[in-house]
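>>> Everything below, folded, please.
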Amino acid sequence: MVHMVEYKVGSLFAGVGGICLGFKNAKTKNSKYKLLWANEIDEYACETYRTNFSHQLLEGDIKLVLHPEYATDETEQKYYKKLHDKILSEPIDILNGGFPCQAFSIAGERKGFEDDRGNLFLNIIDLIEQLGVKFHKPRVLFLENVKNLQAHDDKKTYTHIKQKLENCGYKVYEKVLNTMDYTDVPQNRERIYIIGLLNENDKKNFEIFKNIESRIKKKDKASRIKDIKKVIDYNLTKENATKYYYTKEKYPNYFMSDEEFEKSNKKEKINFALKKENTICSLFEVEKFLRSGTKIINGIKLFNILKN
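Residues are numbered from 1 along each chain as shown. This next block holds a predicted model:
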């Protein structure tokens, strides 16, 4: 009888659970993975995550999860103290995380560690160290980011990240891969995958990046179209599945005409421009800004403002 080894997994910046789903589904003849917890700050992503997973979801700011003493009031401190206790309730073998990439992406103007989201990477280091003090450091790190991370700031950003991980004792491997080359998911998505290994035997035996190109799935146009049809239900229409569609009735400001936009409140437009000048560094920030209650305008008009 084959002895099945179960590796415990924790997930930071979990989003809707893409990386977690991979671990949930992955298994070999003698190993499988158990997701213990995940952390995510976005309430809408959390709603989707809970629909697809049953393990603990620690909803909130990871900085406060790791340091509840920084919370602004007693109620918030109690909430984050509970999350802090949960994230450190037992050791994990694998820590994964698609840490925020807007600060390093081309679309996000590549501000890197000058952007607060770039500094969120340091929470990974913080958690590794806290786990190391209480139990032991995770045996494996599985991190993902935009491919531009490797080239950002004349490669200084990634050098800094790699050095931080190496200072924690990890041997670091990295590779830029494209989703469409290795999966049946119809998405042209290049990302850098970063693997950190603590165990000496793991370091000696890790060779997957050396011959990864041999795993590329060569597909013709017909195969690609077939993949698309697997994930898109063409029977869903605006008439029978309204909730899946952006409509003018639900989101009128997304469908403003040029004339309607020009007639909109000039003061509002000026305030938006000032906000953009002072704080907006990417479309991610625009999304946050719009959610704060300012009138939503459609994407086309948004680009008109940003380029002026």
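
>>> Enumerate the positions of stretch 171-180 that are buried.
For stretch 171-180, the neighbour count (16 or more other C-beta atoms under 10 Å) marks Lys171, Val172, Tyr173, Glu174, Leu177, Met180 as buried. Yep, even glycine has a C-beta here, placed from its N, CA and C like the rest.

>>> now that stretch: how far from the chain's centre is it?
15 Å (C-alpha atoms, centre = their mean, to the nearest Å).

>>> Check stretch 89-96 too.
18 Å.

>>> what's the average pLDDT for stretch 157-174?
Computed over stretch 157-174, the mean pLDDT rounds to 96.

>>> Over to stretch 193-208?
Mean per-residue pLDDT for stretch 193-208: 96.

>>> can you check stretch 46-60 too?
96.

>>> Could you measure from the most centrally placed residue in the chain over to Arg191?
Closest residue to the average C-alpha location of the chain: Gly98 at 4.0 Å, with C-alpha atoms, centre = their mean. Separation of Gly98 from Arg191 (C-beta to C-beta, to the nearest Å): 8 Å.

>>> Please enumerate the shared neighbours of the two.
Common contacts of Gly98 and Arg191 (C-beta atoms under 8 Å, 6 or more residues apart in numbering): Glu144, Asn145.

>>> So Val185 lies in a strand, does it not?
No. With DSSP: H, G, I helix; E, B strand; the rest coil as the criterion, Val185 is assigned coil and is not in a strand.

>>> any idea how far Arg191 is from the closest residue to it other than its chain neighbours?
Among residues not flanking Val185 along the chain, Thr179 sits closest, at 5.4 Å (C-beta to C-beta, 6 or more residues apart in numbering). Using C-beta to C-beta, Thr179 is found at 7 Å from Arg191.

>>> Over to Lys27?
Distance, Lys27 to Arg191, using C-beta to C-beta: 23 Å.

>>> Could you double-check that Val172 sits in contact with Ile194?
Yes. Between Val172 and Ile194 there is a contact under C-beta atoms under 8 Å: 6.5 Å.

>>> and for those two, which residues touch both?
If you check Val172 and Ile194 against C-beta under 8 Å, 6+ apart, the residues they both contact are Leu165.

>>> Would you list the strands that the helix or strand containing Asn145 pairs with, along with their directions?
With elements taken from DSSP states H and E, the one containing Asn145 is strand 140-146. Here strand 140-146 is paired, per DSSP bridges, with strand 94-97 (parallel), strand 190-197 (antiparallel).

>>> contacting residues for the residue nearest to Val185?
Taking C-beta under 8 Å, 6+ apart as the test, what Thr179 contacts is Val185, Gln187, Asn188, Arg189, Glu190, Arg191.

>>> Drop anything exposed from those.
For these, buried by 16+ other C-beta under 10 Å: Arg191.

>>> Which pair in the contacts of Thr179 has the greatest spatial separation?
Val185 and Glu190 (13.1 Å; C-beta to C-beta).

>>> Now find how far off-centre the top strand by length along the chain is within its chain.
In the chain, assigned by DSSP state E, the strand with the most residues is strand 31-40. On the basis of C-alpha atoms, centre = their mean, the separation between the geometric centre of strand 31-40 and that of its chain is 15 Å.

>>> do stretch 29-36 as well
Taking mean C-alpha positions (C-alpha atoms, centre = their mean), stretch 29-36 and its chain are 22 Å apart.

>>> Can you tell me what sits against that stretch?
2-11, 20, 23-24, 26-27, 53, 55-56, 90, 92, 94.

>>> Kindly recompute the last result at 7 Å.
2-11, 20, 23-24, 26, 53, 55-56, 90, 92 (C-beta atoms under 7 Å, 6 or more residues apart in numbering).
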